[in-house]
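> Sequence plus the predicted model coming up.
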Amino acid sequence: LGLNLKRYAHFTSPIRRYADLIVHRGLIAALGLGPGGLTQDEAARLEDVAVLISGTERRAMAAERDTVDRLIAAYLAERVDDRFDARISGVTKSGLFVQLPQYGADGFIPVSTLNGDYYIYDETARSLFGERSGKGYQLADRVEVRLVEVAPMAGAIRFEMLTDPKPLPDSKRSFHKAKGRARASQSRPGSRGRRR
């Protein structure tokens with residue numbers, strides 16, 4: 001219910017974060033519950049304190065992610081060349097991000113290693129598809145991958161795709177539609193993309 005309010009406070013129990021302490025001290029001062037509330041000077045600096053707290057929390061979360069990535073990479077370093085069931089968790093122009101659900105590991109498959117076709121990124125369909133075949137890979141596909149390289153200190157893992165691409169008619173259609181719109185805008189008089 002509180003999430004629907006324009007202003008709300010969320011705090012945890014037991015108190016373990018500085019943000020929670022600030023909320024409690026603010027409530028003590030606002031409700032006149034005794035000593036320990038925020039002073040007027042402290043209340044005037046709340047915006048700066050909030051920025052500092054948010055930045056610190058983001059750094060802590062990034063450090064935690066880095067640590068977990070390094071530990072998982074170190075664990076998998078002994079399993080180079082092994083095959084794994086994976087799920088595509090991200091698609092970019094440069095390749096596919098895959099996740100191994102069993103291990104919580106995330107890795108990357110560079111588009112340059114996808115064989116048999118020239119792969120095109122379709123942002124709308126969140127897919128990479130072959131220019132000639134129209135077959136490819138898209139977000140959430142279940143695939144089989146091979147572990148190729150691990151860099152434990154960087155927490156980086158690289159995989160090779162073993163699953164053949166599947167037909168993606170929507171991707172090919174939306175790509176050619178977008179290509180057609182771009183050509184039409186270039187040939188339209190007064191358009192910026194027109195050839196001179």
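Yep, it's here. Everything numeric here is computed off the predicted structure, so don't read it as measured data.
> Please enumerate the helices of the protein.
Using DSSP state H, the helices of the chain run over 18-31, 40-44, 46-76, 169-187.
> Can you say which of these is packed in most?
With neighbours defined by mean count of other Cβ atoms under 10 Å, none of the helices of the chain is more surrounded on average than helix 18-31, at a mean of 15. C-beta here means a position set from N, CA and C on the backbone, and glycine is covered the same way.
> chain center to that one, what's the gap?
In this view, helix 18-31 has its centroid 33 Å away from the chain centroid, taken as Cα atoms, centre = their mean, to the nearest Å.
> same question for that helix, mean pLDDT?
Confidence for helix 18-31, expressed as mean pLDDT, is 85.
> packing partners for it?
Contact partners of helix 18-31 among helices and strands, from 3 or more Cβ pairs under 8 Å, 6 or more residues apart in numbering; DSSP states H and E: helix 40-44, helix 46-76.
> And for the first one, what's in contact with it?
Around helix 40-44, the neighbours that count as contacts under Cβ atoms under 8 Å, 6 or more residues apart in numbering are 25-26, 29, 49.
> Now Ala86. Nearest residue, chain neighbours left out?
Excluding the flanking residues, the one nearest Ala86 by Cβ to Cβ, 6 or more residues apart in numbering is Val98, at 4.2 Å.
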